[in-house]
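Student: Need the 3D shape of this:
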Amino acid sequence: GNSMKNWQHVFTILAVDSKTGKPTELLVKAKTRKNMDEWLAALNSHKREARRISGALWLKPNEERRHFTLSDTTLSMSKAETTPVVATWTIKASKNADDEGYAKHVEKTLTLLAENRWQTTVVFG
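Tutor: Coordinates of the predicted model:
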């Protein structure tokens, strides 16, 4: 399928699943570079008032559109803006401006080769 085709504006969010308490890494895609930068700025901010954003993001690798809302250290997800929340995560706030934060842009360049039957393996380290 074409689920792997577009890796522009993709970023990871390190979070803790509110139900299980397990650390998880969400892989999501924003519609534009500007939108991705807004999410990264909010997710990585050490200022509580700056940690507020909501909107559509696409879950990788299946490109499922979901509505996400960040409110301070809580990230919630629903199928659409008006539907019930289906998942929530806790995201640590950065301690200060020098702290790298918990969300990062993913730069992926995939090379598909005929010798490998046009397949590739993506490893997230």
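Student: quick one: the helices in the chain?
Tutor: For the chain, applying DSSP state H gives helices covering 33-44.
Student: tell me, what residue is most central in the protein?
Tutor: Ranked by distance to the mean C-alpha position of the chain (Cα atoms, centre = their mean), the top residue is residue 28 at 3.6 Å.
Student: hang on, it packs against residue 55?
Tutor: No: proximity of residue 28 to residue 55 does not meet the contact threshold set by Cβ atoms under 8 Å, at 11.0 Å. Where you see a C-beta, it was placed from the backbone N, CA and C, and this is true even at glycine.
Student: Check what pLDDT residue 106 gets.
Tutor: If you check residue 106, the pLDDT there is 81.
Student: Give me the number of neighbouring residues for the residue nearest to it when sequence neighbours are not counted.
Tutor: Nearest non-adjacent residue to residue 106, counting by Cβ to Cβ, 6 or more residues apart in numbering: residue 10, 4.5 Å away. Residue 10 has 19 neighbours, counted by other Cβ atoms under 10 Å.
Student: how about the residue nearest to the centre of the chain, what does it touch?
Tutor: 10, 11, 12, 13, 57, 58, 59, 60, 68 (Cβ atoms under 8 Å, 6 or more residues apart in numbering).
Student: And for residue 75, the neighbour number?
Tutor: 24.
Student: I figured it hits residue 85, correct?
Tutor: No: at 10.2 Å, residue 75 does not count as touching residue 85 under the criterion of Cβ under 8 Å.
Student: ok, and what's touching stretch 55-65?
Tutor: So stretch 55-65 is contacted by 3-4, 6, 10, 26-31, 35, 39, 66-68 (Cβ under 8 Å, 6+ apart).
Student: Oops, could you answer that again for stretch 79-95 instead?
Tutor: Contacts to stretch 79-95, defined as Cβ under 8 Å, 6+ apart, come from residues 13-19, 24, 26, 43-46, 48, 51, 54, 66-67, 70, 72-78, 100-103.
Student: make it 7 Å
Tutor: 13, 15-18, 43-46, 51, 66-67, 73-78, 101-102 (Cβ atoms under 7 Å, 6 or more residues apart in numbering).
Student: Many thanks, I have nothing further to ask.
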